[in-house]
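Undergrad: Sequence and predicted structure, then a few things I'm wondering about:
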Amino acid sequence: MDEQDVVRKARLFMTGLDLSNIRESLAPYLVKANARVREEELGPGESGTVAEIKGKLVITVNSNEPLERQRFTICHELGHKVLGLDSNHQHVPPWGHVKRDIAEVLCDVFAAELLMPHEQFSAACRDSEPSLKTMLSLMDAFKTSFPATGSRFARLTNAPCAFVNMQGGVVRYAAMSTPLRKLGARIALKTPIPVRSLASRLRQSKTSEFQDAEVPQDEWFENWPTGLDLIELSRHHDGSDTTLSLLCFEEEDAPRMEVDRFGRRVQEDTGLDELTGFLSWEKKK
(Lines give C-alpha, C1' and ligand atoms only; values in the text may rest on other atoms or scores of the structure.)
Protein backbone atom coordinates (compact mmCIF):
# COMPACT_ATOMS: atom_id res chain seq x y z
CA MET A 1 0.00 0.00 0.00
CA ASP A 2 1.28 3.47 -0.90
CA GLU A 3 0.04 7.04 -0.43
CA GLN A 4 -2.12 6.96 -3.57
CA ASP A 5 -3.85 3.81 -2.31
CA VAL A 6 -4.52 5.55 1.00
CA VAL A 7 -5.95 8.63 -0.72
CA ARG A 8 -8.31 6.47 -2.79
CA LYS A 9 -9.49 4.53 0.26
CA ALA A 10 -9.97 7.72 2.28
CA ARG A 11 -12.09 9.31 -0.44
CA LEU A 12 -14.10 6.11 -0.82
CA PHE A 13 -14.72 6.15 2.95
CA MET A 14 -15.94 9.77 2.67
CA THR A 15 -18.25 9.10 -0.28
CA GLY A 16 -21.90 9.81 0.49
CA LEU A 17 -21.21 11.54 3.81
CA ASP A 18 -22.46 15.04 4.62
CA LEU A 19 -19.20 16.97 5.00
CA SER A 20 -20.75 20.44 5.14
CA ASN A 21 -19.96 20.77 8.87
CA ILE A 22 -16.89 18.54 9.02
CA ARG A 23 -14.67 21.48 10.04
CA GLU A 24 -16.62 21.66 13.31
CA SER A 25 -17.61 18.04 13.92
CA LEU A 26 -16.12 14.69 12.95
CA ALA A 27 -19.39 12.91 13.76
CA PRO A 28 -20.05 11.65 10.19
CA TYR A 29 -16.74 9.75 10.23
CA LEU A 30 -17.33 8.34 13.71
CA VAL A 31 -20.82 7.13 12.86
CA LYS A 32 -19.65 5.40 9.69
CA ALA A 33 -16.76 3.70 11.51
CA ASN A 34 -18.95 2.77 14.50
CA ALA A 35 -16.61 4.66 16.81
CA ARG A 36 -16.82 7.09 19.70
CA VAL A 37 -14.36 9.48 21.33
CA ARG A 38 -13.54 10.15 24.95
CA GLU A 39 -11.11 12.65 26.46
CA GLU A 40 -8.63 11.75 29.16
CA GLU A 41 -5.45 13.21 30.63
CA LEU A 42 -2.65 11.13 29.13
CA GLY A 43 1.09 11.30 29.65
CA PRO A 44 3.38 13.78 27.86
CA GLY A 45 3.92 12.81 24.24
CA GLU A 46 0.95 10.43 24.23
CA SER A 47 -1.70 11.70 21.83
CA GLY A 48 -4.23 8.90 22.13
CA THR A 49 -5.13 5.27 22.51
CA VAL A 50 -7.66 3.04 20.80
CA ALA A 51 -9.57 -0.04 21.89
CA GLU A 52 -12.54 -2.09 20.71
CA ILE A 53 -15.20 -2.41 23.40
CA LYS A 54 -18.35 -4.46 22.76
CA GLY A 55 -17.88 -4.16 19.02
CA LYS A 56 -17.41 -0.39 19.09
CA LEU A 57 -14.12 1.43 18.43
CA VAL A 58 -13.27 3.70 21.38
CA ILE A 59 -10.68 6.40 20.66
CA THR A 60 -9.20 8.14 23.70
CA VAL A 61 -7.55 11.52 23.03
CA ASN A 62 -5.25 13.49 25.30
CA SER A 63 -7.30 16.31 26.82
CA ASN A 64 -4.06 18.24 27.46
CA GLU A 65 -3.37 18.60 23.74
CA PRO A 66 -4.84 21.36 21.54
CA LEU A 67 -8.03 20.77 19.57
CA GLU A 68 -6.27 20.43 16.21
CA ARG A 69 -4.04 17.69 17.58
CA GLN A 70 -7.01 15.83 19.07
CA ARG A 71 -8.87 15.96 15.75
CA PHE A 72 -5.80 14.66 13.94
CA THR A 73 -5.44 11.81 16.43
CA ILE A 74 -9.08 10.80 15.92
CA CYS A 75 -8.74 10.65 12.13
CA HIS A 76 -5.35 8.92 12.39
CA GLU A 77 -6.85 6.16 14.55
CA LEU A 78 -9.79 5.81 12.15
CA GLY A 79 -7.15 5.28 9.48
CA HIS A 80 -5.81 2.23 11.28
CA LYS A 81 -9.29 0.69 11.27
CA VAL A 82 -10.31 1.60 7.71
CA LEU A 83 -6.93 0.70 6.19
CA GLY A 84 -6.50 -2.42 8.31
CA LEU A 85 -3.03 -1.34 9.52
CA ASP A 86 -1.67 -2.28 12.93
CA SER A 87 -0.60 0.50 15.31
CA ASN A 88 3.06 0.96 16.09
CA HIS A 89 3.10 4.28 17.91
CA GLN A 90 6.46 5.68 18.93
CA HIS A 91 7.40 8.83 20.82
CA VAL A 92 8.24 11.10 17.89
CA PRO A 93 7.26 14.72 17.16
CA PRO A 94 3.85 15.25 15.50
CA TRP A 95 4.17 14.70 11.76
CA GLY A 96 7.71 13.46 12.31
CA HIS A 97 9.40 11.36 9.65
CA VAL A 98 12.30 9.94 11.63
CA LYS A 99 12.27 6.17 12.23
CA ARG A 100 8.47 6.06 11.92
CA ASP A 101 6.67 2.89 10.98
CA ILE A 102 5.24 3.13 7.45
CA ALA A 103 1.75 2.30 8.79
CA GLU A 104 1.86 5.40 10.99
CA VAL A 105 2.89 7.62 8.07
CA LEU A 106 0.09 6.22 5.88
CA CYS A 107 -2.47 6.83 8.64
CA ASP A 108 -1.25 10.45 8.78
CA VAL A 109 -2.02 10.72 5.06
CA PHE A 110 -5.49 9.26 5.72
CA ALA A 111 -6.08 11.78 8.52
CA ALA A 112 -5.11 14.71 6.29
CA GLU A 113 -7.64 13.60 3.66
CA LEU A 114 -10.42 13.46 6.27
CA LEU A 115 -9.59 16.73 8.02
CA MET A 116 -9.07 18.74 4.82
CA PRO A 117 -11.45 17.24 2.22
CA HIS A 118 -10.03 17.71 -1.26
CA GLU A 119 -12.84 19.81 -2.74
CA GLN A 120 -13.24 22.07 0.28
CA PHE A 121 -9.52 22.64 0.79
CA SER A 122 -8.82 23.15 -2.93
CA ALA A 123 -11.55 25.78 -3.12
CA ALA A 124 -10.19 27.53 -0.03
CA CYS A 125 -6.60 27.76 -1.29
CA ARG A 126 -7.13 28.00 -5.06
CA ASP A 127 -6.81 31.79 -5.29
CA SER A 128 -4.98 32.36 -2.01
CA GLU A 129 -1.47 33.75 -1.94
CA PRO A 130 1.10 31.61 -0.10
CA SER A 131 1.50 33.73 3.04
CA LEU A 132 1.33 33.59 6.82
CA LYS A 133 -2.14 35.16 6.65
CA THR A 134 -3.32 32.39 4.32
CA MET A 135 -1.81 29.65 6.49
CA LEU A 136 -3.36 31.01 9.69
CA SER A 137 -6.73 31.37 7.95
CA LEU A 138 -6.67 27.77 6.67
CA MET A 139 -5.45 26.42 10.02
CA ASP A 140 -8.33 28.19 11.78
CA ALA A 141 -10.94 27.12 9.21
CA PHE A 142 -10.01 23.42 9.16
CA LYS A 143 -8.82 23.16 12.79
CA THR A 144 -5.46 21.78 11.67
CA SER A 145 -1.79 22.31 12.57
CA PHE A 146 0.83 24.11 10.48
CA PRO A 147 2.54 20.83 9.41
CA ALA A 148 -0.73 19.30 8.21
CA THR A 149 -1.97 22.51 6.57
CA GLY A 150 1.33 23.46 4.96
CA SER A 151 1.86 20.02 3.45
CA ARG A 152 -1.71 19.91 2.12
CA PHE A 153 -1.43 23.44 0.72
CA ALA A 154 1.82 22.63 -1.07
CA ARG A 155 0.25 19.63 -2.79
CA LEU A 156 -2.92 21.39 -3.96
CA THR A 157 -1.97 25.00 -4.72
CA ASN A 158 -1.62 26.22 -8.31
CA ALA A 159 1.61 28.07 -7.47
CA PRO A 160 5.16 26.62 -7.51
CA CYS A 161 5.30 25.64 -3.86
CA ALA A 162 6.90 23.12 -1.47
CA PHE A 163 6.55 22.23 2.20
CA VAL A 164 9.68 20.92 3.94
CA ASN A 165 9.89 19.07 7.27
CA MET A 166 13.30 19.09 8.96
CA GLN A 167 14.33 17.32 12.15
CA GLY A 168 17.63 17.38 13.96
CA GLY A 169 18.94 19.83 11.37
CA VAL A 170 18.30 17.40 8.49
CA VAL A 171 15.74 17.54 5.67
CA ARG A 172 13.38 14.59 6.17
CA TYR A 173 10.36 15.20 3.97
CA ALA A 174 9.19 17.51 1.17
CA ALA A 175 5.76 17.88 -0.46
CA MET A 176 5.60 19.70 -3.80
CA SER A 177 2.85 21.25 -5.89
CA THR A 178 2.23 20.03 -9.44
CA PRO A 179 3.58 23.27 -11.03
CA LEU A 180 6.83 22.89 -9.10
CA ARG A 181 7.23 19.23 -10.04
CA LYS A 182 6.71 20.17 -13.70
CA LEU A 183 9.71 22.48 -13.41
CA GLY A 184 11.83 19.47 -12.44
CA ALA A 185 12.45 20.78 -8.92
CA ARG A 186 14.17 18.49 -6.46
CA ILE A 187 14.92 18.96 -2.75
CA ALA A 188 17.60 16.62 -1.45
CA LEU A 189 16.46 14.54 1.52
CA LYS A 190 18.66 13.37 4.41
CA THR A 191 20.90 16.41 3.92
CA PRO A 192 21.64 19.32 6.29
CA ILE A 193 19.29 22.33 6.26
CA PRO A 194 20.55 24.78 3.59
CA VAL A 195 22.94 27.23 5.23
CA ARG A 196 21.42 30.44 3.79
CA SER A 197 17.80 29.42 4.43
CA LEU A 198 15.49 31.06 6.94
CA ALA A 199 14.99 27.63 8.51
CA SER A 200 18.68 27.45 9.34
CA ARG A 201 18.66 30.92 10.92
CA LEU A 202 15.61 30.15 13.07
CA ARG A 203 17.09 26.86 14.25
CA GLN A 204 20.38 28.49 15.20
CA SER A 205 18.62 31.28 17.12
CA LYS A 206 16.03 28.84 18.59
CA THR A 207 13.29 31.27 17.55
CA SER A 208 9.82 29.74 17.74
CA GLU A 209 7.51 32.31 16.12
CA PHE A 210 6.57 32.35 12.43
CA GLN A 211 8.88 34.36 10.18
CA ASP A 212 9.18 34.88 6.43
CA ALA A 213 12.02 36.10 4.22
CA GLU A 214 13.29 36.16 0.65
CA VAL A 215 15.96 33.53 -0.05
CA PRO A 216 17.65 32.31 -3.26
CA GLN A 217 15.72 29.53 -5.02
CA ASP A 218 18.91 27.58 -5.71
CA GLU A 219 19.57 27.41 -1.96
CA TRP A 220 16.72 24.88 -1.74
CA PHE A 221 16.48 23.23 -5.17
CA GLU A 222 19.20 21.05 -6.65
CA ASN A 223 20.87 22.07 -9.95
CA TRP A 224 18.75 25.22 -10.09
CA PRO A 225 19.48 28.49 -11.96
CA THR A 226 20.91 31.31 -9.84
CA GLY A 227 19.58 34.84 -9.50
CA LEU A 228 15.98 33.86 -8.60
CA ASP A 229 14.31 34.34 -5.20
CA LEU A 230 11.43 32.73 -3.33
CA ILE A 231 9.50 33.47 -0.14
CA GLU A 232 10.23 31.11 2.75
CA LEU A 233 7.75 30.95 5.64
CA SER A 234 9.26 29.04 8.56
CA ARG A 235 8.77 28.00 12.14
CA HIS A 236 11.08 26.14 14.53
CA HIS A 237 10.14 23.99 17.55
CA ASP A 238 13.22 23.78 19.74
CA GLY A 239 11.82 21.14 22.12
CA SER A 240 11.58 18.53 19.36
CA ASP A 241 14.24 20.19 17.14
CA THR A 242 11.71 20.30 14.30
CA THR A 243 11.82 23.02 11.66
CA LEU A 244 9.10 23.57 9.06
CA SER A 245 9.25 25.69 5.91
CA LEU A 246 6.77 26.63 3.20
CA LEU A 247 8.58 27.67 -0.01
CA CYS A 248 6.68 29.56 -2.72
CA PHE A 249 7.24 31.89 -5.65
CA GLU A 250 5.14 33.42 -8.42
CA GLU A 251 4.85 31.77 -11.83
CA GLU A 252 6.70 34.69 -13.47
CA ASP A 253 9.65 34.11 -11.09
CA ALA A 254 10.05 30.51 -12.24
CA PRO A 255 13.13 29.58 -14.28
CA ARG A 256 12.61 29.08 -18.01
CA MET A 257 13.49 25.45 -18.65
CA GLU A 258 11.97 22.32 -20.10
CA VAL A 259 11.61 18.86 -18.54
CA ASP A 260 10.76 15.53 -20.17
CA ARG A 261 7.95 13.17 -19.11
CA PHE A 262 10.22 11.67 -16.44
CA GLY A 263 10.78 15.06 -14.81
CA ARG A 264 14.36 15.29 -16.07
CA ARG A 265 15.58 18.66 -17.26
CA VAL A 266 16.09 18.93 -21.01
CA GLN A 267 19.39 20.50 -21.94
CA GLU A 268 19.13 23.30 -24.45
CA ASP A 269 20.51 22.46 -27.89
CA THR A 270 22.96 25.24 -28.74
CA GLY A 271 23.73 23.83 -32.20
CA LEU A 272 27.18 23.44 -33.73
CA ASP A 273 30.17 25.19 -32.23
CA GLU A 274 31.25 28.40 -33.97
CA LEU A 275 33.93 27.87 -36.64
CA THR A 276 37.35 29.19 -35.55
CA GLY A 277 39.62 27.91 -38.28
CA PHE A 278 41.20 25.32 -36.01
CA LEU A 279 40.47 21.59 -36.11
CA SER A 280 38.89 20.22 -32.94
CA TRP A 281 40.53 16.78 -33.27
CA GLU A 282 44.09 15.60 -33.50
CA LYS A 283 45.42 14.72 -36.94
CA LYS A 284 46.03 10.99 -37.30
CA LYS A 285 49.48 9.92 -38.50
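TA: Right, received. Where do you want to start?
Undergrad: For the rest of this, base every contact and every neighbour count on C-alpha atoms.
TA: OK.
Undergrad: Identify each buried residue in the lengthiest helix in the chain, please.
TA: Longest among the helix segments of the chain by residue count, using DSSP state H, is helix 67-83. By neighbour count with 16 or more other C-alpha atoms under 10 Å, helix 67-83 contains the buried residues 68-80, 82-83.
Undergrad: Pull the contacting residues for residue 67.
TA: Taking C-alpha atoms under 8 Å, 6 or more residues apart in numbering, we find residue 67 in contact with residue 143.
Undergrad: now the helices: where do they sit in the stretch 51-200 of the chain?
TA: Using DSSP state H, counting those that start in this stretch, the helices of the stretch 51-200 of the chain run over 67-83, 102-115, 118-125, 132-142, 146-156, 178-182, 198-205.
Undergrad: same for the helix or strand following the last one, what does it pack against?
TA: Same thing as helix 198-205. With elements assigned by DSSP states H and E, the helix or strand that comes after helix 198-205 is strand 211-216. Judged by 3 or more C-alpha pairs under 8 Å, 6 or more residues apart in numbering; DSSP states H and E, strand 211-216 is in contact with helix 198-205, strand 229-237.
Undergrad: 6 Å instead?
TA: Secondary-structure packing of strand 211-216 (3 or more C-alpha pairs under 6 Å, 6 or more residues apart in numbering; DSSP states H and E): strand 229-237.
Undergrad: Provide the strand pairings for the helix or strand immediately after the strand it packs on in the chain, with the direction of each partner.
TA: Using DSSP H and E, the helix or strand that follows strand 229-237 towards the C-terminus is strand 242-248. According to DSSP bridges, strand 242-248 forms sheet pairs with strand 161-167 (antiparallel), strand 229-237 (antiparallel).
Undergrad: Averaged pLDDT, strand 242-248. What do you get?
TA: The average pLDDT for strand 242-248 rounds to 95.
Undergrad: Now do that strand: distance to the chain's middle.
TA: 9 Å (C-alpha atoms, centre = their mean, to the nearest Å).
Undergrad: since we're on residue 136, how many residues are nearby?
TA: 14 (other C-alpha atoms under 10 Å).
Undergrad: Now the two most distant members of the buried residues of helix 67-83.
TA: Largest separation among those by C-alpha to C-alpha: 68 and 83, giving 22.1 Å.
Undergrad: what bits of this structure have low per-residue confidence?
TA: 88-100, 257-285 (pLDDT under 70).
Undergrad: Could you rerun that using 90?
TA: Scanning the chain with the threshold set as pLDDT under 90 gives 1-4, 40-56, 64, 85-105, 124-132, 158-159, 173, 206-209, 238-240, 250-285.
Undergrad: Give me the contact list for stretch 26-33.
TA: Applying C-alpha atoms under 6 Å, 6 or more residues apart in numbering, stretch 26-33 has no contact partners.
Undergrad: Of the helices of the stretch 51-200 of the chain, which is nearest residue 54?
TA: It's helix 67-83; of these, that one is closest to residue 54 (C-alpha to C-alpha) at 15.5 Å.
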